[in-house]
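K.L.:
Give me a model of this one.
(2 chains, ligands or ions: 2)
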2 protein chains.
Amino acid sequence: MGKNLTKRNEDYSKWYNELVVKADLAENSGVRGCMVIKPYGFAIWEKMQAGLDKMFKETGHENAYFPLFIPKSYLSKEASHVEGFAKECAVVTHYRLKNAEDGSGIIVDPDAKLEEELIVRPTSETIIWDTYRKWIQSYRDLPLLINQWANVVRWEMRTRLFLRTAEFLWQEGHTAHATEAEAIAEAEQMMNVYADFAENHMAMPVIKGIKTESERFAGAIETYCIEALMQDGKALQAGTSHFLGQNFAKAFDVKFANKEGKQDYVWATSWGVSTRLVGALIMTHSDDNGLVLPPKLAPIQVVIVPIYKGLDQLDDISEKVEPLVKELRAKGISVKFDKRDTHKPGFKFNEYELKGVPVRLAIGKRDMENGTYEVARRDTLEKEIVPMDEVVPKIEFLLEDIQRNIYQKAFDFRKDRITEVENYEEFKEVLEHKGGFISAHWDGTVETEERIKEETKATIRCIPIDAKTEVGACIITGKPSSKRVLFAKAY
Amino acid sequence: MGKNLTKRNEDYSKWYNELVVKADLAENSGVRGCMVIKPYGFAIWEKMQAGLDKMFKETGHENAYFPLFIPKSYLSKEASHVEGFAKECAVVTHYRLKNAEDGSGIIVDPDAKLEEELIVRPTSETIIWDTYRKWIQSYRDLPLLINQWANVVRWEMRTRLFLRTAEFLWQEGHTAHATEAEAIAEAEQMMNVYADFAENHMAMPVIKGIKTESERFAGAIETYCIEALMQDGKALQAGTSHFLGQNFAKAFDVKFANKEGKQDYVWATSWGVSTRLVGALIMTHSDDNGLVLPPKLAPIQVVIVPIYKGLDQLDDISEKVEPLVKELRAKGISVKFDKRDTHKPGFKFNEYELKGVPVRLAIGKRDMENGTYEVARRDTLEKEIVPMDEVVPKIEFLLEDIQRNIYQKAFDFRKDRITEVENYEEFKEVLEHKGGFISAHWDGTVETEERIKEETKATIRCIPIDAKTEVGACIITGKPSSKRVLFAKAY
Ligand SMILES: [Zn+2]
Ligand SMILES: [Zn+2]
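P.N.:
Ligands and ions are numbered 1, 2, ... in the order given. Okay, here's the model as predicted:
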């Protein structure tokens, strides 16, 4: 396997597309805009799911499942939601196919037209709040803390594997609360859960913040987000958590009796992350040799490649390696011993480098004589010779060290790319030549935001949660501003 | 909570529908034929998924994800498949909504008509084999052992929660092999995996067999199945595994170079189980008091209900109970300590009985004085007083004993309801008065099968794998038959 991977500094976008396909993560399907997630890519998503699901359950959430289809009329019930979502949707209009009378093949049966069209869910607030009306009567039924793992469809015109696809996989949390304060606390909590997951599992530093009005979720009062920085200096929104106020409760008439017996509308949140995170993971850590995966999410954490001539040598090596495999697995480490005789060691080295396996062991005749392994780490590509009786603690150390090291590397990269600017000239300079996040004062108006977007393609990624209050002036209008916001070009 | 559950012998079907709703498993949604799986029901499905997924991985399978949509033309490529599946389907014809010009709301945008309609997958053979063509070139790429967890849609006219819904959740395995023998072995293996899961996790005895031609999957050469018996004497097909021959490889032109360099079509299998298993689980074990769940699939295995007056007493009880909760959880047992002060103990007893929690502990003032718990088991409703220092081994014993006991009970029930008959009169007698499986000789023709179905509504559930060869005569035509087959009315 020759990698022939385009270099990042030649064409970052091309590098990404090639890597996703060559590392066997995903590919385009015969259905426009829909991807096939291949086993290796899906194994990463499964590890993400497992990590997130555990965190959701630890914070009191339960999983459930709601219908794929949403009656068209439901979308119209919440005014701003319909503006945001009733656009590029997959619309089911018929429920039967039949053989054409002229024998030309199968056709849609015109007699099987639905009375009301069904929309393939782009997000599930409407169908879920239609259900919650039946589940919530009293404060005793609250809070309702539910999550769903599901597929959703948004008919995107320009798609890219993982980053923007017509169908994608995600989780969507939908919670109902008795008070405004509790709902806001929930929305903030889930932003923090996402940040924790991004930083401690994905090794991807993120900035927590809130969205401006124009970037808010359709139907939300406040949208919290985590924003990451990719290696090409573009930002990527990695997760959002919305405080929905009473908008959906009012649209779907979901009231509860409080402790005093008074009827009130329920307060809501929703929050989600998607297979987009796999794209973010790739673009945060990988290099010109292929994927670099954080050990916590790597489907294979350790690969062992035997270097041998003939089955006798392989047998000798296997005798040494198999107890090691067993020992590592007992410690919960995922190991692959690649004995395939259909491929040469060099091919295998290339393949596992491309696939981002964090630790690679090689063992040949000389190692057998010396009682050693050659141990290579994927992040720095460093190799060393390790005595057999030290190899287990070495591997354990490396798995932790790689996780820490790639986080630090991404953190330092981002740290160098948050630039404070004081005027629009500087803003455009930095955006053009350096990229990354630009921290600047803004007058808080949609007009200014819109103008900057039109002229530079940069958007306000967020108002950081930890933004200091300071006296400043908008870089466009000079109007007073008390906080800097973060601009960037974004995925 | 009054249970007010219809009794099984009054109206089994009504009992089932009520139980599913009252035990908080699922309910109908605003979308015709689509259900909402509620958290408690979904937790059972999650446990099923976890058990099955582990078994699939242990037998070498990997998960992947393929598109929700299938271009209409794909369905036509395999002749018998299109007959079976291109019928009651959800058809996507448009990809955009817009505001009506007359202000009457949102409408389907007529300008956004798809050139080719998309079908919401009823099963994924076609889209997957269209993909496999790109993945398979050589014998080195085989076997390809892939599973997908997904939602599918079949536009059913008469639906019942879990048993038959327009949208349901399932897994579908799709494998590709170099030889016919290997593919047949795979299809048989997966039938055995399903039987293992049904019997050892669900505590549901099943009969392994093969389907007759008319009951075969559309596109299969052979369909293997597991058949269970419900308490009303009707059979339920709980899982199927298909040997597809080279049908899909030929339809989608999937060839490989064998070791000798010769091109040949690939051999295929597919196999699946669905949320229907939740329905089967309910109907196998539950009683007039509510659900009875096997401990291996129970979301809550042990519930502890305190009986107290005032918070002081509750504090004392909690001091005793909390270390027990910790100890049980450390053993991997799922425990709920229900301290809610909004509901009385009697209400809670009723609720957990309805929800099928296998073991219930109660602890009140007298127990505190005596150092005991009252321990109740859900399957037999027996109660006993157990000293605190013996309660952990008691619980461990009960969880195993309940699993074993409900399997045995279901096994004995079924054993009494496999009846050998020698003529059609007897057949109709048994079917009408006793139900269950009827073991009879059949001449092997579709005509006879069809006649019996029309006259009695019984179908051939399977030709059991372990059917003895014996000399016999078809109960309808008297023609010679060498094996008995199993008839039953079925879900
Ligand atoms: Zn310049
Ligand atoms: Zn009679």
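
K.L.:
Quick one: neighbours of the closest residue to chain B within the stretch 351-491 of chain A, just the number.
P.N.:
In the stretch 351-491 of chain A, the residue found nearest to chain B is residue A:351; the distance is 13.1 Å by Cβ to the nearest Cβ. Glycine gets a C-beta too; all of them are placed from N, C-alpha and C. By the criterion of other Cβ atoms under 10 Å in any protein chain shown, residue A:351 has 20 neighbours.

K.L.:
so it, which of the three states?
P.N.:
Using DSSP: H, G, I helix; E, B strand; the rest coil, the structure places residue A:351 in helix.

K.L.:
all helices for chain A, in order.
P.N.:
A:12-22, A:39-58, A:72-75, A:79-85, A:125-135, A:180-200, A:247-251, A:276-285, A:310-330, A:345-354, A:365-370, A:391-415, A:424-433, A:446-456 (DSSP state H).

K.L.:
Which pLDDT value goes with the residue of the stretch 351-491 of chain A closest to chain B?
P.N.:
Note on residue A:351: pLDDT of 97.

K.L.:
The one 4 residues further on too?
P.N.:
For residue A:355, the pLDDT comes out at 98.

K.L.:
Measure how buried it is and give me the count.
P.N.:
Residue A:355, neighbours per other Cβ under 10 Å, totals 20.

K.L.:
swap in residue A:65?
P.N.:
24.

K.L.:
What's opposite it in the beta bridge?
P.N.:
Assessed by DSSP bridges, residue A:65 has beta-bridge partners residue B:37.

K.L.:
what's the distance between the closest residue to residue A:98 other than its chain neighbours and residue A:54?
P.N.:
Take residue A:98 and drop its neighbours on the chain: the residue closest to it by Cβ to Cβ, 6 or more residues apart in numbering or on different chains is residue A:109, 4.4 Å away. From residue A:109 across to residue A:54, the span is 46 Å (Cβ to Cβ, to the nearest Å).

K.L.:
of the two, who's got more company?
P.N.:
residue A:109 (17 against 11).

K.L.:
residue contacts, the more buried one?
P.N.:
A:94, A:96, A:97, A:98 (Cβ atoms under 8 Å, 6 or more residues apart in numbering or on different chains).

K.L.:
just residue A:125 next, same as before
P.N.:
Going by Cβ under 8 Å, 6+ apart, the list of residues near residue A:125 reads A:78, A:81, A:174, A:219, A:244, A:248, A:270.

K.L.:
ok, now with 6 Å
P.N.:
A:248, A:270 (Cβ atoms under 6 Å, 6 or more residues apart in numbering or on different chains).

K.L.:
now swap in the one 3 residues further on and tell me
P.N.:
Residue A:128 makes contact with A:66, A:174 under the criterion Cβ under 6 Å, 6+ apart.

K.L.:
same question, residue A:140
P.N.:
residue B:342.

K.L.:
wait, what's in contact with the residue nearest to the spatial centre of chain A?
P.N.:
Centroid-nearest residue in chain A, with Cα atoms, centre = their mean: residue A:277, separated by 1.6 Å. Taking Cβ under 6 Å, 6+ apart, we find residue A:277 in contact with residue A:48.

K.L.:
now do residue A:201
P.N.:
Applying Cβ under 6 Å, 6+ apart, the residues near residue A:201 are A:51, A:296.

K.L.:
Check the spacing between it and residue A:228 real quick.
P.N.:
13 Å.

K.L.:
List the single closest residue to whichever residue of the stretch 151-300 of chain A sits closest to chain B in space, sequence neighbours excluded.
P.N.:
Relative to chain B, the nearest point of the stretch 151-300 of chain A is residue A:155 (4.4 Å; Cβ to the nearest Cβ). Counting by Cβ to Cβ, 6+ apart, residue A:88 is the residue found nearest to residue A:155 once chain neighbours are left out, at 3.7 Å.

K.L.:
surely the one you found meets residue A:153?
P.N.:
No - contact criterion Cβ atoms under 6 Å: residue A:88 and residue A:153 do not qualify, at 9.2 Å.

K.L.:
out of the two, which sits in the busier spot?
P.N.:
Ranked by neighbour count (other Cβ under 10 Å), residue A:88 and residue A:153 place residue A:153 first, with 25 against 17.

K.L.:
Report pLDDT for the more buried one.
P.N.:
97.

K.L.:
what does chain A have sitting close to chain B?
P.N.:
A:29-31, A:34, A:36-39, A:42, A:62-69, A:76, A:86, A:88-97, A:105-106, A:108, A:117, A:130-131, A:140, A:151, A:155, A:167, A:342 (Cβ under 6 Å from any Cβ of the partner chain).

K.L.:
Please indicate which of those are buried?
P.N.:
A:29-31, A:34, A:36-39, A:42, A:62-69, A:76, A:86, A:88-97, A:106, A:108, A:117, A:130-131, A:151, A:155, A:167 (16 or more other Cβ atoms under 10 Å in any protein chain shown).

K.L.:
Restricted to strands, list these.
P.N.:
Counting by DSSP state E, the part of these found in strands is A:36-37, A:62-63, A:69, A:91-94, A:97, A:106, A:108, A:117, A:151, A:167.

K.L.:
residue contacts, residue A:265?
P.N.:
Here residue A:265 is in contact with A:246, A:249, A:250, A:255 (criterion: Cβ under 6 Å, 6+ apart).

K.L.:
Tell me the bridge partners for the last one.
P.N.:
This points to residue A:255. The partner residues for residue A:255, given DSSP bridges, come to residue A:265.

K.L.:
quick one: it from residue A:177, how far?
P.N.:
For residue A:255, the distance to residue A:177 - Cβ to Cβ - is 13 Å.

K.L.:
chain center to the helix or strand bottoming out on mean pLDDT in chain A, what's the gap?
P.N.:
In chain A, the helix or strand scored least confidently by mean pLDDT, DSSP states H and E is helix A:79-85, which has a mean of 76. Centroid separation between helix A:79-85 and its chain, computed with Cα atoms, centre = their mean, to the nearest Å, is 24 Å.

K.L.:
again, but for stretch A:440-454
P.N.:
27 Å.

K.L.:
quick check: mean pLDDT across that stretch?
P.N.:
The average pLDDT for stretch A:440-454 rounds to 97.

K.L.:
Return the set of buried residues in that stretch.
P.N.:
So for stretch A:440-454, counting by 16+ other Cβ under 10 Å, buried means A:440, A:441, A:442, A:443, A:444, A:448, A:449, A:452.

K.L.:
so the third one makes contact with residue A:474?
P.N.:
Yes - because the distance of 5.4 Å satisfies Cβ under 6 Å, residue A:442 is recorded as touching residue A:474.

K.L.:
Overlap in contacts, these two.
P.N.:
Contact criterion Cβ under 6 Å, 6+ apart; residues shared by residue A:442 and residue A:474: residue A:481.
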